[in-house]
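**Student:** Whatever this is, show me its structure:
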Amino acid sequence: MTPEVPTNRASRMADAVNNGRPVEPDDVRQGRSGRRILMILLVSSAAAAALLFAVFAFNSPDLAATDGNARTDAEGAARFDQP
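**Tutor:** Numbering: from 1, shown residues only. Okay, here's the model as predicted:
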């Protein structure tokens, strides 16, 4: 009687691990590769960069503004030293 060859990927990997054999590279690859996936990655990265730029551009006046209640260094130091 010959041993039955597993047909699904999980069974093949489990049998290889249990028997001390190396697992086939095709069985452990995570996802697809190719031009379509590369284009999705590039478009999504560009969209994220554009969104980040837009957020900074929209908030730039607030980021450049100074505090209107800011004291001089001497006033702040004197107030800090008081008990």
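**Student:** count of neighbours near Arg9?
**Tutor:** Look at Arg9: counted by other Cβ atoms under 10 Å, it has 13 neighbours. Bear in mind the C-beta positions are built from the backbone N, C-alpha and C, glycine included.
**Student:** From Asn18, how far out is it?
**Tutor:** 15 Å (Cβ to Cβ, to the nearest Å).
**Student:** Kindly report the same for Val43.
**Tutor:** Distance of Val43 to Asn18, computed by Cβ to Cβ: 43 Å.
**Student:** what does Asn59 give?
**Tutor:** 57 Å.
**Student:** Same check on Ala46?
**Tutor:** To Asn18, Ala46 is 46 Å away according to Cβ to Cβ.
**Student:** got it, and Leu52?
**Tutor:** Distance, Leu52 to Asn18, using Cβ to Cβ: 48 Å.
**Student:** For this protein, which residues score under the pLDDT cut-off?
**Tutor:** 1-7, 64-77, 79-83 (pLDDT under 70).
**Student:** For it, just list every one of the helices.
**Tutor:** Ranges of helices in the chain, per DSSP state H, are 9-18, 25-28, 35-64, 73-81.
**Student:** Comparing these, which comes out most buried?
**Tutor:** Here the criterion is mean neighbour count by mean count of other Cβ atoms under 10 Å, and of these the winner is helix 9-18, at a mean of 13.
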